[in-house]
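> Here is a sequence with its predicted model. Questions after.
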Amino acid sequence: MRNLIHTLYTFCGYAAAFFLASIAGVTILQIVARQLKIAIETTEIAGFCLAAATFLGLAYTFVNGGHVRISLVSQFLPQRAHRLIELWCCAIGMLITGWSAWQMTHYTWQTLQYGDLSPGMVAMPLWIPQAGVCFGLIMLFVAMVEQASLIWAGQSAAYETNVDGSAE
């Protein structure tokens, strides 16, 4: 089960990289089109790609120790106190991320039901870019639950063992 979850984190990381590359691609397309006197508007698509890249990359980055952490005090505490602080931080993160994932999923479902379209020149159904945000938040919540369970079991969290940001 753990391998499946980490495969999903890796998939999200690759998807985030794909959407970052897509931002570069549509920006280059717009620059070239402008030089050829062709009007192409890609700002909205780049914005959707940015949202997807940001949220899809959260779980992968979290598990691999890439998020900024302030451990100046907790690293010098006894192991038990350090473990309690890590559990507390994971619990707060799970509450915030779980609530955000729930609300965003509810909002995306409403967007799908109402058939909302993006307001820009590209009339894209809004649930499509919102789905990437939802999935990213859900995966971050799963990652936090997994890391909290590791800490609870007395093991080191993956984000502590991968402090250089490298993949497992």
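All right, it came through fine. Residues are numbered from 1 along each chain as shown.

> Can you classify Ala39 as helix, strand or coil?
Classification of Ala39 by DSSP: H, G, I helix; E, B strand; the rest coil places it in coil.

> What is the burial count for it?
For Ala39, the count of nearby residues is 8 (other Cβ atoms under 10 Å). In this view, the C-beta of every residue, glycine as well, is placed from N, C-alpha and C.

> Only the buried residues of the longest helix that the chain contains, if you could.
In the chain, assigned by DSSP state H, the helix with the most residues is helix 79-114. Buried positions in helix 79-114, judged by neighbour count with 16 or more other Cβ atoms under 10 Å: 82-83, 85-86, 89-90, 93-94, 97-98, 100-101, 104-105, 108, 111.

> Likewise for stretch 127-136?
For stretch 127-136, using 16+ other Cβ under 10 Å, the buried residues are 127, 129-136.

> Same list, the residues you listed, but as JSON lines with secondary structure, pLDDT and distance to Ala24 please.
Formatted as JSON lines, the buried residues of stretch 127-136 follow (DSSP: H, G, I helix; E, B strand; the rest coil; pLDDT from 0 to 100; distance: Cβ to Cβ, whole Å):
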{"residue": "Trp127", "secondary structure": "helix", "pLDDT": "94", "distance to Ala24": "25"}
{"residue": "Pro129", "secondary structure": "helix", "pLDDT": "92", "distance to Ala24": "18"}
{"residue": "Gln130", "secondary structure": "helix", "pLDDT": "95", "distance to Ala24": "23"}
{"residue": "Ala131", "secondary structure": "helix", "pLDDT": "95", "distance to Ala24": "22"}
{"residue": "Gly132", "secondary structure": "helix", "pLDDT": "95", "distance to Ala24": "17"}
{"residue": "Val133", "secondary structure": "helix", "pLDDT": "96", "distance to Ala24": "20"}
{"residue": "Cys134", "secondary structure": "helix", "pLDDT": "96", "distance to Ala24": "25"}
{"residue": "Phe135", "secondary structure": "helix", "pLDDT": "96", "distance to Ala24": "22"}
{"residue": "Gly136", "secondary structure": "helix", "pLDDT": "97", "distance to Ala24": "20"}
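
> Most widely separated two among those?
Trp127 and Gly136 (14.6 Å; Cβ to Cβ).

> Determine the set of other helices and strands touching the longest helix of the chain.
helix 127-152 (3 or more Cβ pairs under 8 Å, 6 or more residues apart in numbering; DSSP states H and E).

> Can you give the distance of the helix it packs on from its chain's centre?
From the chain centre to the centre of helix 127-152 is a distance of 7 Å (Cα atoms, centre = their mean, to the nearest Å).
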